[in-house]
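>>> Structure of the sequence below:
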Amino acid sequence: MKVYLVGAGPGDPELITVKGRRILQQADSILYDHLAPDALLALAPPHAERLYVGKKKSDHEYRQEEICAMLIERARRGLTVVRLKGGDPFLFGRGGEEAEALALAGIPFEVVPGVTTPLGIAAYTGVPLTHREHTSAVTFVTGHAVEAIDWAKVGHAETLVVFMGLTTFPRIAAELIARGRSPETPAMAVRWATRADQETVAGTLATLPGLLAGRRMKPPATIVVGEVVRLRDTLNWYERLPLFGRRIVVTRAAEQAGSLSSKLAALGAGVIELPTIEIRPPAGAGPLDRAIAELDTYDWLIFTSANGVRFFIEALDRSGRDLRALKARICAIGPATRDAVEALHLKVDLMGKEYVAEGLLEAFSAHALAGARVLLPRAAVARDLVPVELTRRGARVDVVEAYRTVPPDGLAERIREVFARRVDLITFTSSSTVRNFAAAGVELLQGVAAASIGPITTATARELGIEVAVEANPYTVDGLVRAIAGLYTESTPPSHA
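Numbers count the residues shown, from 1 in each chain. All right, here's what the predicted structure looks like:
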């Protein structure tokens, strides 16, 4: 039994420490705060309990005493317990109180530091908390009880960081000015630091209260006061990323979304993964198994997706054969499929210049196919252009179902949940992602731009009444990301509504 007090970091899930991530992957029970990123909960094993314990301003799901009691009770049951807290447990995170309670109860515990919010703000707004020419001292204070702070003592700190002081900042600013701090001292407030919806309001001690009221900024937010705020105009890299603040929906299957999601996030986007397809094994394995039993009789093996490669090799592993039985030349429809083949230490002999069925057929034009045996393991539902045309050219084509794509359970409800908030753009990477979304909620795309990975997907979208704002060229994930970035270059900044 053991309890880990883990700092989740300032907001961006990737800013958790390596140790914090490892411990989450071993957890039996996680008690998490309002400020702990939801994405981190997915790191825990499927069996792990995930319990929200609140700690939102004026809305505490459980009292602090109850949280401590729950940590102790679960540890005594022999569980590995994680107390997941926004920022750092020991910096205005009440981690000290929880550690004391555990120590008094004789419960073993560890504290895993996290990137505290001011450090996240410093990095993601271009405002270093220390700087040789501006400040060599930083003071952290909490602002929810203004009368509890000796502002005459802390008010002249070269850099002053105020936690939980958004609603009380007009009083705090007045106190600082009354005690001799210049009204022209630069000051800023940052909400949701390090996230794609990071919101920054900058001014001076005199003007910031009015600016915050005009923006109607809400907690949670942290305030930084000091000359270092002037450096923001020069060092602010994050909010200048091309997709900063854009909320973009990724509809790929859950196991495939990571590549596209990470590339969009690296450009500043807030990514919402909304899988509209689920990849499942074939309805019956017989046809693919029989083809593998005859694998050495085929002249060509054609893969039209990385999924086809995956399920083909899984079927081969189940059989009594291995790759030594493969005598065929290999054709891949595009780079992602080629990469999946090459991961098996196999070479791709043929790939089209355009990564669609038409490009694949054009690549075959230089090859004699009369009498050739061709194996095409693919999705249950797919275009018939390739097998029909290769048959017309004289090939004997065996099309076998390697996998199926189906709508995930509860898709319509999940779509409504996502689109209850602002969405700027939705991405489609196959016709099936479009069809499944359209069946569950096409009317929700009013005012939302759509991006397509290629002409076939675009055609499907338009047939279903979805206008495509931008199409990838080339027809790859990288091409799609570049097209989306180009769509927003020099465009209107996103709203934080």
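>>> give me the low-pLDDT residue ranges for the protein?
Counting by pLDDT under 70, the chain contains low-confidence residues at 55-60, 490-497.
>>> State which strand of it is the longest.
Longest strand of the chain, by residue count under DSSP state E: strand 396-406.
>>> which strands and helices sit next to that one?
In terms of contacts (3 or more Cβ pairs under 8 Å, 6 or more residues apart in numbering; DSSP states H and E), strand 396-406 is packed against strand 278-280, helix 286-293, helix 306-318, strand 373-379, helix 385-392. All C-beta atoms are positioned from the backbone trio N, CA, C, and that covers glycine.
>>> Tell me how far the helix or strand following the longest one lies from the chain's centre.
Read it as helix 306-318. Note on helix 306-318: by DSSP states H and E, the next helix or strand toward the C-terminus is strand 329-332. Strand 329-332 sits 33 Å away from the centroid of its parent chain (Cα atoms, centre = their mean, to the nearest Å).
>>> now swap in stretch 43-56 and tell me
Relative to its parent chain, stretch 43-56 has a centroid offset of 18 Å by Cα atoms, centre = their mean.
>>> Now tell me what touches that stretch from outside.
21, 24-35, 41, 60-62, 67, 70, 74, 82, 94 (Cβ atoms under 8 Å, 6 or more residues apart in numbering).
>>> One more pass at 7 Å, please.
21, 24-25, 27-34, 41, 60-62, 67 (Cβ atoms under 7 Å, 6 or more residues apart in numbering).
>>> Ok, stretch 356-365 next?
331, 333, 350-353, 383, 385-386, 389-390, 454-456, 475.
>>> any idea which helix or strand comes after the helix or strand encompassing residue 121?
For residue 121, the host element (DSSP H and E) is helix 117-125. The helix or strand immediately downstream of helix 117-125 is strand 138-142, counting by DSSP H and E.
>>> Buried ones in that next one, by neighbour count?
Neighbour-count burial for strand 138-142, counted by 16 or more other Cβ atoms under 10 Å, picks out 138, 139, 140, 141.
>>> and residue 403, what is it in contact with?
279, 280, 281, 282, 307, 311, 379.
>>> didn't the second one look like it was pressed against residue 409?
By that I understand residue 280. No. Using Cβ atoms under 7 Å, residue 280 is not in contact with residue 409; the gap is 11.7 Å.
>>> more neighbours, these two?
Here residue 280 and residue 409 are set side by side on neighbour count (other Cβ atoms under 10 Å), and the busier one is residue 280, at 13 against 8.
>>> Quick check: the gap between that one and residue 431.
Distance, residue 280 to residue 431, using Cβ to Cβ, to the nearest Å: 17 Å.
>>> Equivalent analysis for residue 157, please.
Residue 157 is 59 Å from residue 431, by Cβ to Cβ.
>>> and those two? which has more neighbours close in?
residue 431 (22 against 18).
>>> ok, that one touching residue 457?
Yes. The criterion here is Cβ under 7 Å, and residue 431 meets it with residue 457 at 5.5 Å.
>>> just to revisit the earlier point, what does the helix holding residue 121 rub up against?
9-11, 15, 87, 127-129, 140, 161, 190, 193-194, 198, 200, 222, 224, 232, 236, 238.
>>> nearest spatial neighbour of residue 310, skipping sequence neighbours?
In this structure, residue 310 finds its nearest non-sequential neighbour in residue 340, 6.8 Å apart by Cβ to Cβ, 6 or more residues apart in numbering.
>>> By neighbour count, which bits of the helix or strand where the one you found lies are buried? Give me those.
Using DSSP H and E, residue 340 falls within helix 335-342. Buried residues in helix 335-342, counted by 16+ other Cβ under 10 Å: 335, 336, 337, 338, 340, 341.
>>> Stretch 183-201 too?
185-201.
>>> now swap in stretch 425-440 and tell me
Buried, per 16+ other Cβ under 10 Å, within stretch 425-440: 425-438, 440.
>>> and what of stretch 369-384?
Applying 16+ other Cβ under 10 Å to stretch 369-384 flags 369, 372, 373, 374, 375, 376, 377, 378, 379, 382 as buried.
>>> OK, contacts around the second one?
Same thing as residue 372. 299, 300, 395.
>>> follow-up on the earlier one: kindly spell out which helices and strands sit in contact with the helix holding residue 340.
If contacts are counted by 3 or more Cβ pairs under 7 Å, 6 or more residues apart in numbering; DSSP states H and E, helix 335-342 sits against helix 306-318, strand 329-332.
>>> And for that helix, what's in contact with it?
Identification of contacts with helix 335-342 by Cβ under 7 Å, 6+ apart yields 303, 304, 305, 306, 309, 310, 330, 332, 348, 351, 476, 477.
>>> Tell me what angle that helix forms with helix 306-318.
Between helix 335-342 and helix 306-318, the angle comes out at 20 degrees (axes from the mean of the first three to the mean of the last three Cα atoms, to 10 degrees).
>>> With just CA atoms, put helix 335-342 into CSV.
The C-alpha coordinates for helix 335-342 follow below in CSV (Å, rounded to 0.1, in the frame of the first residue of the first chain):
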residue,chain,number,x,y,z
PRO,A,335,3.4,6.4,-47.3
ALA,A,336,1.6,5.4,-44.1
THR,A,337,0.8,2.0,-45.6
ARG,A,338,4.3,1.7,-46.9
ASP,A,339,5.7,2.5,-43.4
ALA,A,340,3.5,-0.3,-41.9
VAL,A,341,4.9,-2.8,-44.4
GLU,A,342,8.5,-1.7,-43.8
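>>> going on from that helix, what's the next piece of helix or strand?
Beyond helix 335-342 on the C-terminal side, the first helix or strand identified by DSSP H and E is strand 350-351.
>>> Can you name the next helix or strand after that next one?
Next helix or strand after strand 350-351 toward the C-terminus (DSSP H and E): helix 357-364.
>>> so what does whichever strand or helix holds residue 201 touch, helix or strand wise?
Secondary structure from DSSP H and E places residue 201 in strand 199-204. Judged by 3+ Cβ pairs under 7 Å, 6+ apart, strand 199-204 is in contact with strand 186-191, helix 208-215.
>>> Same list (the ones you listed) but as a markdown table, adding distance to residue 288.
As requested, the helices and strands packed on strand 199-204 are exported to a markdown table (distance: least, Cβ to Cβ, whole Å):
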| stretch | distance to residue 288 |
| --- | --- |
| strand 186-191 | 52 |
| helix 208-215 | 58 |
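>>> Quick one: residues contacting residue 12.
194, 195.
>>> Next: the one 4 residues further on.
Contacts of residue 16 were listed using Cβ under 7 Å, 6+ apart, and they are 8, 9, 40, 114.
>>> quick one: which two of those residues are the most distant?
When Cβ to Cβ is used, the two most widely separated members of the contacts of residue 16 are 40 and 114, lying 10.7 Å apart.
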